[in-house]
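# next come a sequence and a model predicted from it.
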Amino acid sequence: MGAPQKIMPELPEVEITKRKLEPLIKSKRILNLGGKKILRIERKGKAILIYLSGGKILGFHQRMSGKLLIVRRGWKDKHTRRIFHLSGGKDLAFHDVRRFGVIWYGPVKKVLDDPYFKTLGLDALKISFGEFKRILGERRAGKLKPFFLNQKNLAGVGNIIADEVLWHAKIHPERNINNLSDADIKKLYVSLKFILKRSIKLGGSTMRDWFHPDGGHGGYFKKRYTYGREDEKCFRCKTQIIRKKIAGHSSCFCPKCQREQ
DNA sequence: ATTCGGACCTGAAAGC
DNA sequence: TGCTTTCAGGTCCGAA
């Protein structure tokens, strides 16, 4: 059948990729990579790292449109960039319409030496409140939305999650970091964890045709609070959600709940 | 130190 | 109908 598993880019989707992919490919060998055995899979920020025997890593960053697919042997279309033949009869395919995605292959140390990994901040899902507060404190200036999008601050948050967290915390995306109260920082932390866990629990965001290997669908997009809801009503106060370009990304927020200060 | 615009690509959807 | 414009979940680079 080879129903493709389509995977997309923010922390929840990559985390689900890791969780769903691991049981499907763990202990299998990659026939066209010298028969190296797949030992384990890790998510590092928005990247997937497949640790192989022989001290190698096969890594992927899906960027905007990449996805890892478990397919029947030989399945491919014009957007398939690489195919890895697995023992047991299936293929692992890297499918990437816009071709922004990154593939790494090499010794563990060399792959992890890539600037993307070297500069990656603490993982948004694992970061403690103390660490979160410290990182915010280390920034002298700047707005919250760009802070969240910069993977050097903390790893994993993208445009959807950033908007969702800020809406949930009732804080304006352009709010300056240096005038956040302790209560604001606490709210942001609680909302960050809540949104990430909720999205993972709902299976990530299926916006187009992404689905899980077992046929399940990611339900977060339908349950989202504010991302892409321009002109629709805020679920809290019924005010129209507005859209504004901030740091090169369109940002949706409620002008009443998330007042600028 | 931080933000911004553009670049990298393709394709779907909206606009005219 | 068809042509043009805009926009997309990410990241990097150079300039302000």
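Cool, got the structure. Residues are numbered from 1 along each chain as shown, chains lettered A, B, ... in the order given.
# CA atoms for contacts and neighbours, from now on please.
Will do.
# show me what the one helix or strand A:K67 maps to is packed up against.
With secondary structure defined by DSSP states H and E, A:K67 is part of strand A:66-72. Helices and strands touching strand A:66-72, as assessed by 3 or more CA pairs under 8 Å, 6 or more residues apart in numbering; DSSP states H and E, comprise strand A:90-96.
# before we move on, back to that, partners of the strand holding A:K67 in the sheet?
strand A:90-96 (antiparallel) (DSSP bridges).
# buried residues in the strand it pairs with?
The neighbour-count check on strand A:90-96 (16 or more other CA atoms under 10 Å) flags A:90-96 as buried.
# now do stretch A:234-244
Per 16+ other CA under 10 Å, stretch A:234-244 contains these buried residues: A:234, A:240-243.
# mind putting those into a markdown table with pLDDT, distance to DNA strand C and secondary structure?
What follows is the buried residues of stretch A:234-244, written out as a markdown table (pLDDT from 0 to 100; distance: CA to the nearest atom of the strand, whole Å; DSSP: H, G, I helix; E, B strand; the rest coil):
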| residue | pLDDT | distance to DNA strand C | secondary structure |
| --- | --- | --- | --- |
| A:C234 | 97 | 18 | coil |
| A:Q240 | 95 | 17 | strand |
| A:I241 | 96 | 14 | coil |
| A:I242 | 95 | 12 | strand |
| A:R243 | 94 | 9 | strand |
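# re earlier: following the chain past the strand holding A:K67, name the next helix or strand.
strand A:80-85.
# that next one close to DNA strand B?
No: Strand A:80-85 is not in contact with DNA strand B by CA under 7 Å from any atom of the strand; minimum separation 11.0 Å.
# centre of the chain versus that strand, how much separation?
22 Å (CA atoms, centre = their mean, to the nearest Å).
# now that strand and strand A:66-72, what's the angle there?
Angle of strand A:80-85 versus strand A:66-72, following axes from the mean of the first three to the mean of the last three CA atoms, to 10 degrees, is 40 degrees.
# returning to that earlier point: hmm, the strand holding A:K67 in reach of DNA strand B?
No: using CA under 7 Å from any atom of the strand, strand A:66-72 stays clear of DNA strand B, coming no nearer than 10.9 Å.
# report the contact partners of whichever residue of the stretch 51-200 of chain A sits closest to DNA strand B.
Distance from DNA strand B to each residue of the stretch 51-200 of chain A (CA to the nearest atom of the strand) is smallest for A:G142, at 2.8 Å. Applying CA atoms under 8 Å, 6 or more residues apart in numbering to A:G142 gives the contacts A:176-178.
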